[in-house]
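*Asks:* just to be clear, the model below is a prediction. Sequence and coordinates:
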Amino acid sequence: MSSATLLDFPPPKPSARDLMVRALDPHVLIGMPHLSGCGLSETWLMKELGHRHWLMLALHLGMDNADFRTADGEEAYAAICASSLTAARFSDVQANDILTIRSVLSTVSRTQTLTRHEMSVHGRSIGACELVSTFVRRMVRGDNHSITRVALREPQSTRFEPSFLARAAADARNGRLEEHFGFPVMTDKALRECRFEPSLSQDFNGAGLLYFAEFQALADRAFERWFPDRRSLVHRDVFFLGNIQPNESVVFDLLALSDDSLSAQGQLRREDGYVIAKIFCRWAL
């Protein structure tokens, strides 16, 4: 056979499911996109963990991709309703380090899923993060104020794992959470406030919603303005209660500060005063 008759067939294109599995590889080579001036970028990390959460959920539900749909075919989103970052040591992370992320998924209820992510570099823990999600959809097309919960399908397992974070988030939504981080949760008198104009091209996700990872980023911009000498973040809990429209401003209120200034409570609210997140932070000594 002449060499001229040989055909060069390209390798088969991977499926979406193949790529979902690849995206969950536990090892990430750290470079400039993953870093900030304080070490590992919390905003990048939360986006990455959110992505892994959604892919893990799709695989758990036996899907070939993460295109979540309601029974009538409308788009649905696995919205993060609570996050908890603990024992963070992001200043230890440098370029060319290999970040290892070990993740597990558990079913909290018929409508909620939790993923836990353990992060390490050089075999040393640099933090852990829990994310709780629930499926939502817009009741009015294009209206981010009309986001509401929706059931998609029954979980494959009826065994539910207890979750302190999910319970605290539910109590925060329903006004039953009395105290968190040592602060009275129901307080609403602001010590300081900072207004932001989120960017549609930078702060919103592909679903047209203010990205959950940007909630903590907005809080940090306010803290940096008020307390430029603050230390490294150790612990942050966020309870997500709503969203905003594109081109709508948002205000971060500082509600409480501990005597040693190492813990703080705040909230994000819309122009109409509706609170869309409660945020609790603790920094290192």
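*Replies:* Now that the structure is in, tell me what you want to look at.
*Asks:* in this structure, spot the helix with the most residues.
*Replies:* helix 42-60 (DSSP state H).
*Asks:* mind listing what's buried in that one?
*Replies:* Neighbour counts over helix 42-60 (16 or more other CB atoms under 10 Å) mark 42, 44-50, 52-60 as buried. In this view, the C-beta of every residue, glycine as well, is placed from N, C-alpha and C.
*Asks:* show me the contacts for residue 181.
*Replies:* 237, 263, 265, 280, 282 (CB atoms under 8 Å, 6 or more residues apart in numbering).
*Asks:* give me the number of residues near the fourth one?
*Replies:* Which is residue 280. 24 (other CB atoms under 10 Å).
*Asks:* and the helix or strand encompassing it, which strands flank it?
*Replies:* Element membership of residue 280, judged by DSSP states H and E, is strand 275-283. In the sheet, strand 275-283 lines up against strand 233-240 (antiparallel), strand 263-270 (antiparallel) (DSSP bridges).
*Asks:* what's the closest non-adjacent residue to residue 88?
*Replies:* Nearest residue to residue 88, sequence neighbours excluded (CB to CB, 6 or more residues apart in numbering): residue 127, at 4.0 Å.
*Asks:* host element of the one you found?
*Replies:* strand 124-138.
*Asks:* that strand: what's the following helix or strand?
*Replies:* Using DSSP H and E, the helix or strand that follows strand 124-138 in sequence is strand 147-149.
*Asks:* tell me where the stretch 151-285 of the chain has helices.
*Replies:* Remark: helices assigned in the stretch 151-285 of the chain by DSSP state H, counting those that start in this stretch are 164-173, 212-226.
*Asks:* turn those helices into TSV, including mean pLDDT.
*Replies:* TSV is the format used below for the helices of the stretch 151-285 of the chain (pLDDT from 0 to 100):
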stretch	mean pLDDT
helix 164-173	94
helix 212-226	96
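*Asks:* figure out which of the ones you listed is closest to residue 92.
*Replies:* Closest to residue 92 of the helices of the stretch 151-285 of the chain is helix 212-226 (CB to CB; 18.7 Å).
*Asks:* ok so, going back, how about CSV for the strands paired with strand 275-283, with distance to residue 206 and mean neighbour count added?
*Replies:* Formatted as CSV, the strands paired with strand 275-283 follow (distance: least, CB to CB, whole Å; neighbours: other CB atoms under 10 Å):
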stretch, distance to residue 206, mean neighbour count
strand 233-240, 18, 22
strand 263-270, 21, 22
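*Asks:* mean pLDDT and distance to residue 135 added to those, as JSON lines?
*Replies:* Shown next, in JSON lines, are those (pLDDT from 0 to 100; distance: least, CB to CB, whole Å):
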{"stretch": "strand 233-240", "mean pLDDT": "97", "distance to residue 135": "14"}
{"stretch": "strand 263-270", "mean pLDDT": "97", "distance to residue 135": "22"}
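*Asks:* which of these sits closest to residue 25?
*Replies:* strand 233-240 (25.8 Å).
*Asks:* output that closest one as CSV, nothing but the C-alphas.
*Replies:* Taking C-alpha atoms only, strand 233-240 is exported to CSV below (Å, rounded to 0.1, in the frame of the first residue of the first chain):
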residue,chain,number,x,y,z
LEU,A,233,-9.0,35.5,56.3
VAL,A,234,-9.4,32.3,58.3
HIS,A,235,-13.2,31.6,58.3
ARG,A,236,-16.1,32.9,56.2
ASP,A,237,-19.7,31.8,56.2
VAL,A,238,-22.2,33.2,53.6
PHE,A,239,-26.0,32.7,53.6
PHE,A,240,-27.4,33.6,50.2
